[in-house]
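In: Sequence unavailable; structure follows:
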Ligand code: GUN
Ligand code: ZN
């Protein structure tokens, strides 16, 4: 922490304070056209209109972003760091994609130095895209998990990650055993969970690559360490669901395989959920588990269209965040991921508003990761991870998004329109800067 521990940021600010899938948008959004964010020791101390707060904080240094919109840092609820280099692998759906491209790539992560190199590129890329927190698959090799946490720690990031557990239906070079995965995971939890801002997720790859013994060991770890997370894949692809039924003939369905092992709880995050049944949505809702909605991946691998309205229903509400799922996902950008989420909704005759998309990218993601007390908006006391957006980062975006006039606050409809265009047209170029605990971590 530098000696200067209190500082201000003057810009337009927008955050979500409640869920716009369930409440009127006006109750969910805060907007300050000319705002002041005060950060003390890396945490939010105050947020309000600049004119109201300036005398109270007359002495503090202020960084101005007068033509920008500052939002809370983006949260990616599902991504694979070892797949960074194999993004855009041609022509296959899930199971063939895994055996053709993914498994050979992940083999390289037995080499700790290689893992460090890619972890560094990966984290820099997240920050370039405004993503400040992610839930991350590493690889089966514990040294790759160490490498990831070391690089995240060096950057003072709030990251959740885990060693992949996989002991069958995968090449020998990429499998552990039920026992070794238990021992290695336990050691990693003891080393990294709650170390600085880092948190651990017990990470069985998916049902078919784990024996019942390994899944039960994962459940045992969750019972022994009740505040670690559980992170896996669920009901992504039709052939995968059939494969699960083949290898777990006694189970009542895909989610039931995890349930029987004690893996379905409040801190469980399931990626995809494209093929879920209504009963499975109801079970996820009752367990207060979360789904990572990964629209670019679901389209890229031809997996299908996630039913967001089922997850955000009144009857069986399930926590949802956005996941890029790189390398099956096609972009590190949460803006592009939110754009894809909008398109998926359209293909199912649903709507996803700009504020709903912002919620999924920030507070919704924080809730999915049980980090609502620390992240997701600018409430006082939360960690000051935030993104400076440039809604006019390309010539056509500048044409589409008229300059913000801070003297004249935009109406809610106008902000919604600008945010929508930024989500649909924006990418890494729209990220002017990324701040971690109030410190500049990336500048375009
Ligand atoms: N299911 C099991 N492993 C994977 C993976 O690496 N990516 C995706 N998208 N789905 C999976
Ligand atoms: Zn994945």
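Out: Nice, thanks for sending it over. Here the structure is a predicted model, which is why all the values come from computation and not from measurement. Ligands and ions are numbered 1, 2, ... in the order given.
In: Could you pick out the residues of this structure near ligand 2 for me?
Out: For the chain, the residues in contact with ligand 2 (Cβ under 5 Å from the ion) are 271, 325. C-betas here are computed from N, CA, C, even on glycine.
In: residue contacts, residue 240?
Out: Counting by Cβ atoms under 8 Å, 6 or more residues apart in numbering, residue 240 makes contact with 94, 95, 206, 208.
In: Compare those and tell me which has the most neighbours.
Out: Neighbour counts for those peak at residue 206, which has 25 neighbours (criterion: other Cβ atoms under 10 Å).
In: For it, which non-adjacent residue is spatially closest?
Out: The spatially closest residue to residue 206, leaving aside those adjacent along the chain, is residue 233, at 4.0 Å (Cβ to Cβ, 6 or more residues apart in numbering).
In: Confirm that neighbour sits in a helix?
Out: No: applying DSSP: H, G, I helix; E, B strand; the rest coil, one finds residue 233 to be strand, outside a helix.
In: which ones are touching it?
Out: 205, 206, 270, 271, 272.
In: Kindly report the residues of the stretch 251-400 of the chain close to ligand 1.
Out: Contact residues, the stretch 251-400 of the chain versus ligand 1 (Cβ under 6 Å from any ligand atom): 297, 325, 328.
In: helix/strand/coil for the first one?
Out: Secondary structure, three-state DSSP: residue 297 is helix.
In: For it, give me its contacts.
Out: Taking Cβ under 8 Å, 6+ apart, we find residue 297 in contact with 272, 303, 323, 324, 325, 328, 329, 330.
In: What of the second one?
Out: Taking Cβ under 8 Å, 6+ apart as the definition of contact, the neighbours of residue 325 are 78, 79, 80, 271, 272, 292, 294, 296, 297.
In: gap between the closest residue to the fifth one other than its chain neighbours and residue 205?
Out: It refers to residue 272. Closest residue to residue 272 apart from its sequence neighbours, by Cβ to Cβ, 6+ apart: residue 236 at 3.8 Å. Shown here: residue 236 relative to residue 205, a distance of 12 Å by Cβ to Cβ, to the nearest Å.
In: neighbour count winner among the two?
Out: Shown here are residue 236 and residue 205; by other Cβ under 10 Å, residue 236 has more neighbours (27 against 24).
In: Please verify my assumption that residue 92 contacts residue 101.
Out: Yes: applying Cβ atoms under 8 Å as the test, residue 92 and residue 101 come out as touching, 7.2 Å apart.
In: Quick check, central residue of this protein?
Out: Among the residues of the chain, the one closest to the centroid is residue 76, at 1.5 Å (Cα atoms, centre = their mean).
In: Among the contacts of residue 325, which one has the most neighbours?
Out: In terms of neighbours by other Cβ under 10 Å, the contacts of residue 325 top out with residue 294 at 33 neighbours.
In: List the contacts of that one.
Out: Residue 294 makes contact with 78, 271, 272, 306, 322, 323, 324, 325, 328, 329, 337, according to Cβ under 8 Å, 6+ apart.
In: So which of those residues are in helices?
Out: Among the contacts of residue 294, the residues falling in helices (DSSP state H) are residue 337.
In: which SS state does the residue nearest to residue 272 fall under?
Out: Here residue 236 takes the coil state, with states given by three-state DSSP.
In: So which of residue 92 and residue 101 has more stuff around it?
Out: Remark: of residue 92 and residue 101, residue 101 carries more neighbours, 19 against 15, as counted by other Cβ under 10 Å.
In: Could you report the neighbour count for residue 38?
Out: Counted by other Cβ under 10 Å, the residues lying close to residue 38 total 23.
In: Wait, it touches residue 50, no?
Out: No: between residue 38 and residue 50 there is no contact under Cβ under 8 Å: 10.8 Å.
In: so residue 135 bridges to which residues?
Out: Residue 135 has the following beta-bridge partners by DSSP bridges: residue 160.
In: Pull the number of nearby residues for residue 190.
Out: When neighbours are defined as other Cβ under 10 Å, residue 190 has 11 of them.
In: what's it sitting at in phi/psi?
Out: Here is the backbone geometry of residue 190 (degrees, to the nearest 10): phi -60, psi -30.
In: can you pull the contacts of it?
Out: Here residue 190 is in contact with no residues (criterion: Cβ under 8 Å, 6+ apart).
In: And it, how far from residue 200?
Out: Using Cβ to Cβ, we find residue 190 at a distance of 9 Å from residue 200.
In: Can you check which residues contact both of these two?
Out: Counting by Cβ under 8 Å, 6+ apart, residue 190 and residue 200 have no contacts in common.
In: gap between the longest helix along the chain and the chain center?
Out: For the chain, the helix with the greatest residue count under DSSP H is helix 112-128. Put simply, helix 112-128 sits 17 Å off its chain's centre (Cα atoms, centre = their mean, to the nearest Å).
In: next one: stretch 15-28
Out: With Cα atoms, centre = their mean, you get 20 Å for stretch 15-28.
In: what do you get for stretch 369-379?
Out: Taking the mean of its C-alpha atoms, stretch 369-379 sits 13 Å from the chain's own mean (Cα atoms, centre = their mean).
In: measure that stretch end to end?
Out: Across stretch 369-379, the terminal residues are separated by 17 Å (Cα to Cα, to the nearest Å).
In: and if you look at stretch 377-385?
Out: When the termini of stretch 377-385 are compared using Cα to Cα, they are 9 Å apart.
In: What's the mean pLDDT across it?
Out: What stretch 377-385 shows for mean pLDDT is 98.
In: got it, and stretch 255-270?
Out: So the average pLDDT for stretch 255-270 ends up being 98.
In: what comes up buried for that stretch?
Out: Neighbour-count burial for stretch 255-270, counted by 16 or more other Cβ atoms under 10 Å, picks out 255-265, 267-270.
In: Low-confidence regions, the protein specifically.
Out: Along the chain, segments meeting pLDDT under 70 span 1-4, 404-409.
In: which one in it is furthest away from the centre?
Out: Centroid-distance maximum for the chain: residue 55 at 37.4 Å, with Cα atoms, centre = their mean.
In: related to what we said a few turns ago, hmm, the residue nearest to the centre of the chain is touching residue 137, no?
Out: No: when contacts are counted by Cβ under 8 Å, residue 76 is not listed as touching residue 137 (11.6 Å).
In: re earlier: need the contact list for the residue nearest to residue 272.
Out: Residues in contact with residue 236 (Cβ under 8 Å, 6+ apart) are 94, 206, 271, 272, 273, 274, 275, 298, 301, 303.
In: try 7 Å this time
Out: Residue 236 sits next to 94, 272, 274, 303 when contact means Cβ atoms under 7 Å, 6 or more residues apart in numbering.
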